[in-house]
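>>> got a predicted structure here, sequence first:
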Amino acid sequence: MNILILGGTLFLGRHLVEAAQKRGHSLTLFHRGKTNPELFPDVVHVFGDRKDDDALAQLEGHTFDAVIDTCGYLPKVVQKSAQKLSGRAGCYCFISTVSVYAHWPGAGTDEDSPVAILEDPTTEELTGATYGGLKALCEQEVLAAFPGQALIIRPGLIVGPHDPSDRFTYWPHRIAQGGEVLAPVSPELPTQWIDVRDLAEWTIQMLEGKRTGVFNADGPVVGLGQLLATCVLASGSNAQVTYASEAFLQAQEVQPWLELPLWIPGMLDLKESGATRTQRAHLAGLKYRTALETVRDTLVWDSQRPQENAWKATLTPEKESAVLAAWHAKTAP
């Protein structure tokens with residue numbers, strides 16, 4: 001296949017390129033040239049900002065078997081690219097998010113669950129509150145431009161090598177450092193994520209099979225304690241995990257999801273009922289590598305990356321020590 005990727009040099013995009021190359025496909029990457037522009041010198045790079053009509057005009061005269069949009073966040077911007085490529089591509093694959101669901105995280109969501117509706121659908125302010133609703137509107141633009149030819153993929157948290165967010169990497173990294181580790185709530189706290197390589201490989205396979213429609217793409221539910229034990233196994237560290245209650249962590253102003261990744265308040269009560277339902281993707285061939293492989297490969301990558309770009313939002317060692325001391329003082333007999 002001849003595949004156009006909007007993006008392609010950051011996280012999911014670079015893994016999509018690698019997965020497509022392994023399967024013998026030809027690629028064109030359309031991106032701004034600002035992130036890792038040295039990657040993939042053997043593929044065609046078209047440089048431009050997708051917000052710019054003149055930049056998108058560079059794609060005129062070219063046809064593609066499929067387009068993968070990895071970086072669409074604003075409906076107006078997605079509309080530009082989808083309309084420009086309508087009639088020039090056989091399928092438009094839009095990478096969306098499970099955050100489109102109106103009640104996520106909450107009761108188990110499948111592809112037919114209602115999506116978020118913004119009070120102001122014209123907003124272009126991308127925040128935690130608007131992210132899901134804007135992504136839902138982006139999906140609508142793709143479906144309108146590619147009726148019957150759109151593939152909408154809604155991943156959960158994407159993790160693994162080259163993840164710039166640290167929303168998963170924090171745990172393998174912190175456990176590898178050893179010592180007493182602060183963790184949220186309970187070993188039974190449910191977590192859910194998908195390895196970026198599993199998502200990328202499956203996405204390419206879906207395009208090869210000319211699949212269309214909407215698919216959730218998330219991993220199995222794993223207790224936080226199980227994940228942290230896997231991190232200990234992978235790193236060989238002497239880490240000892242201390243779980244502090246949700247109310248205490250909130251009183252200490254520890255930020256869920258950011259400072260302590262994978263913690264969403266209230267999720268312990270939901271457990272399996274709060275999982276993203278992925279039966280449709282499983283039937284379409286989505287498979288997972290083991291958590292141990294994900295953790296090991298994440299640790300290898302983490303050991304090689306420039307650390308000055310890491311840990312901008314996660315819990316600092318100083319704050320972790322202070323919170324642990326306060327927890328022990330509170331729980332001492």
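Yep, it's here.

>>> could you tell me the phi and psi values at the residue nearest to residue 292 when sequence neighbours are not counted?
In space, and not counting its chain neighbours, residue 292 is closest to residue 230: 5.5 Å by Cβ to Cβ, 6 or more residues apart in numbering. (Each C-beta comes from the backbone N, C-alpha and C, glycine too.) The phi and psi values for residue 230, taken as degrees, to the nearest 10, are phi -60, psi -40.

>>> which stretch of helix or strand covers residue 143?
Secondary structure here is read from DSSP states H and E; on that basis residue 143 sits in helix 131-145.

>>> what's the answer for residue 41, then?
Per DSSP H and E, residue 41 falls between elements, in no helix or strand.

>>> against residue 206, how distant is residue 83?
Counting by Cβ to Cβ, to the nearest Å, the separation of residue 83 from residue 206 is 23 Å.

>>> give me the more crowded residue out of those two.
Applying other Cβ atoms under 10 Å to residue 83 and residue 206 shows that residue 206 carries more neighbours, namely 23 against 14.

>>> send me the helix or strand containing the more buried one as PDB with only the CA atoms.
Assignment of secondary structure by DSSP H and E places residue 206 within helix 196-208. As requested, the backbone C-alpha atoms of helix 196-208 are provided in PDB (Å, rounded to 0.1, in the frame of the first residue of the first chain):
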ATOM      1  CA  VAL A 196       2.300   1.600  21.200                       C
ATOM      2  CA  ARG A 197       3.800  -1.200  19.100                       C
ATOM      3  CA  ASP A 198       0.700  -3.300  19.400                       C
ATOM      4  CA  LEU A 199      -1.500  -0.400  18.400                       C
ATOM      5  CA  ALA A 200       0.700   0.500  15.400                       C
ATOM      6  CA  GLU A 201       0.900  -3.000  14.100                       C
ATOM      7  CA  TRP A 202      -2.800  -3.600  14.400                       C
ATOM      8  CA  THR A 203      -3.600  -0.300  12.700                       C
ATOM      9  CA  ILE A 204      -1.600  -1.200   9.700                       C
ATOM     10  CA  GLN A 205      -3.200  -4.600   9.600                       C
ATOM     11  CA  MET A 206      -6.600  -3.000   9.700                       C
ATOM     12  CA  LEU A 207      -5.800  -0.900   6.700                       C
ATOM     13  CA  GLU A 208      -4.500  -3.900   4.800                       C
END
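
>>> just give me how far whichever helix or strand comes after that helix sits from the chain centre.
Using DSSP H and E, the helix or strand that follows helix 196-208 in sequence is strand 213-217. Strand 213-217 has its average C-alpha position 14 Å from the chain's average C-alpha position, going by Cα atoms, centre = their mean, to the nearest Å.

>>> next: stretch 275-289.
Average the C-alpha atoms of stretch 275-289, do the same for its chain, and the two points are 15 Å apart (Cα atoms, centre = their mean).

>>> what average pLDDT does that stretch get?
Mean pLDDT, stretch 275-289: 94.

>>> that stretch: end-to-end distance?
In terms of Cα to Cα, to the nearest Å, the two terminal residues of stretch 275-289 are separated by 19 Å.

>>> buried residues in it?
Neighbour-count burial for stretch 275-289, counted by 16 or more other Cβ atoms under 10 Å, picks out 275-278, 280-281, 284, 286, 288.

>>> go ahead and name everything in contact with that stretch.
Residues from elsewhere that reach stretch 275-289, judged by Cβ atoms under 8 Å, 6 or more residues apart in numbering: 98, 104, 108-111, 156, 190, 192, 194-195, 197-198, 202, 205-206, 209, 211, 213, 215-221.

>>> please repeat the previous calculation with a cut-off of 6 Å.
Residues lying outside stretch 275-289 but in contact with it, judged by Cβ atoms under 6 Å, 6 or more residues apart in numbering, are 98, 108-111, 156, 192, 195, 198, 202, 205, 215-219, 221.

>>> where does this structure have low pLDDT?
Per-residue confidence for the chain (pLDDT under 70) gives these ranges: 107, 271-274.

>>> please enumerate the helices of it.
12-22, 53-56, 75-85, 131-145, 170-177, 196-208, 224-235, 246-251, 267-270, 279-283, 291-304, 317-331 (DSSP state H).

>>> now do the closest residue to residue 262 other than its chain neighbours against residue 138, distance only.
On the basis of Cβ to Cβ, 6+ apart, the spatially nearest residue to residue 262 that is not a chain neighbour turns out to be residue 191, at 4.5 Å. Distance check for residue 191 against residue 138: by Cβ to Cβ, it reads 27 Å.

>>> nearest the geometric middle of the protein, what residue?
When the chain is reduced to its mean C-alpha position, the closest residue under Cα atoms, centre = their mean turns out to be residue 158, at 3.0 Å.

>>> is that residue in a bridge, and if so with what?
In this structure, residue 158 bridges to residue 194 when assessed by DSSP bridges.

>>> my guess is it meets residue 198, correct?
No - counting by Cβ atoms under 6 Å, no contact exists between residue 158 and residue 198, whose distance comes to 9.6 Å.

>>> ok, the residue nearest to residue 262 touching residue 263?
No - the pair residue 191 / residue 263 is not scored as a contact, 8.6 Å apart, by Cβ under 6 Å.

>>> more crowded one of those two?
A direct count of neighbours by other Cβ under 10 Å for residue 191 and residue 263 places residue 191 higher, at 24 against 21.
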